[in-house]
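sequence below, structure please.
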Amino acid sequence: MNAPLSVQQQEHAFLARLGERVRTWRTEHGMSRKALAEASGVSERYLAQLEAGQGNISVLLLRKVARAMGVAVEGLVREEAPAAKPIALLGLRGAGKSTLGAKLAQSLNVPFVELDREVEKEAGAPLGEVFAMYGQDAFRRFERRALERVLGEHPQAVIATGGSLVTDPGTYELLLERCRSIWLKASPAEHMNRVIAQGDMRPFKGRSAALDEIRKLLDDRDRLYGRATAVVDTSGKTVRQSLADLRRVIA
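Here you go, the predicted model:
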């Protein structure tokens, strides 16, 4: 029979598992040690010691690292805890809802849902045809039904909403009540550049007028988007930086 581990041996084993957990997480998420150090506010040298199983970890420093990774403190040595409610990402097209939403869902191990695609399922037609055939009012009914179905099917998920969902009072109230809502905010110029890069100017009337239209939409919806639980500004940031910000807000 093996002799029980001493307290010192148990501590060494714990630090080794903890270092392996942090190192594995960085590898899975393509995050450098320098990037994690910047996101957590913990020195790169300390993270290197932690990953080597030599960190003299304190609760406060562990919490900083955990927040940057978007996990509970216990998640560094056990499996990550999923979100308590669905997470709904709000904002105009180009804010990063689809890109960040998919990555966030992967890191939380929950489904990623694009609500516009669910509206298409409800209507049995592409989004453009839904508006052309049925009109705005019918689209709103399809959107409400799609959201109700998604919330019923997925107690935990990351949902990328349509940019105009916030203008429908009933549907928006449902979302605010049932989800943790986060406004992905960006400057008008950033929105326009991202939409152009996607090759999709819908529903804008042309490149020359796009910036003015985006400014007006943001002004009109600022108060509505501002009702979200939290705000993450993605302007001038890489996907990795914005994702780290998003994880911190959720943590």
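
need the single longest helix in the protein, by residues.
Determined from DSSP state H, the single longest helix within the chain is helix 7-29.

in that helix, which residues are buried?
By neighbour count on 16 or more other C-beta atoms under 10 Å, the buried set for helix 7-29 is Leu15, Leu18, Gly19, Arg21, Val22, Arg23, Trp25, Arg26, His29. C-beta coordinates here come from the backbone N, C-alpha and C atoms, glycine included.

what helix or strand is Ser107 located in?
Element membership of Ser107, judged by DSSP states H and E, is helix 97-108.

show me what that helix is packed up against.
Where contact means 3 or more C-beta pairs under 8 Å, 6 or more residues apart in numbering; DSSP states H and E, helix 97-108 is packed against strand 87-90, strand 112-114, strand 158-160, helix 239-250.

where are the low-confidence patches of the protein?
Low-confidence segments of the chain, defined by pLDDT under 70: 1-11, 55-83, 191, 194-209.

same thing but at 90, please
Residue ranges of the chain with pLDDT under 90: 1-85, 92-96, 107-109, 122-139, 155, 163, 185-222, 233-239, 242, 247-251.

quick one on the thing from earlier: could you dump the helices and strands packed on helix 97-108 into JSON lines with distance to Val130 and mean neighbour count added?
Formatted as JSON lines, these follow (distance: least, C-beta to C-beta, whole Å; neighbours: other C-beta atoms under 10 Å):
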{"stretch": "strand 87-90", "distance to Val130": "21", "mean neighbour count": "28"}
{"stretch": "strand 112-114", "distance to Val130": "15", "mean neighbour count": "20"}
{"stretch": "strand 158-160", "distance to Val130": "17", "mean neighbour count": "28"}
{"stretch": "helix 239-250", "distance to Val130": "30", "mean neighbour count": "19"}
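
let me know which of the ones you listed is the nearest to Ala35.
Closest approach to Ala35 among those is made by helix 239-250 (6.2 Å; C-beta to C-beta).

and the angle from the longest helix of the chain to helix 239-250?
Helix 7-29 runs at 130 degrees relative to helix 239-250, counting by axes from the mean of the first three to the mean of the last three C-alpha atoms, to 10 degrees.

which one among the buried residues of helix 7-29 gets closest to Ala230?
After measuring these against Ala230 - C-beta to C-beta - the closest member comes out as His29, at 20.9 Å.

how about the closest one, what does it touch?
By C-beta atoms under 8 Å, 6 or more residues apart in numbering, the residues touching His29 are Ser107.

ok, now Phe139?
By C-beta under 8 Å, 6+ apart, the residues touching Phe139 are Val119, Ala123, Val130, Phe131.

do the same with Ile87
Counting by C-beta under 8 Å, 6+ apart, Ile87 makes contact with Leu104, Leu108, Ala157, Val158, Ile159, Cys179, Arg180, Ser181, Ile182, Ile250.

count of neighbours near the third one?
When counting by other C-beta atoms under 10 Å, one arrives at 22 neighbours for Ala157.
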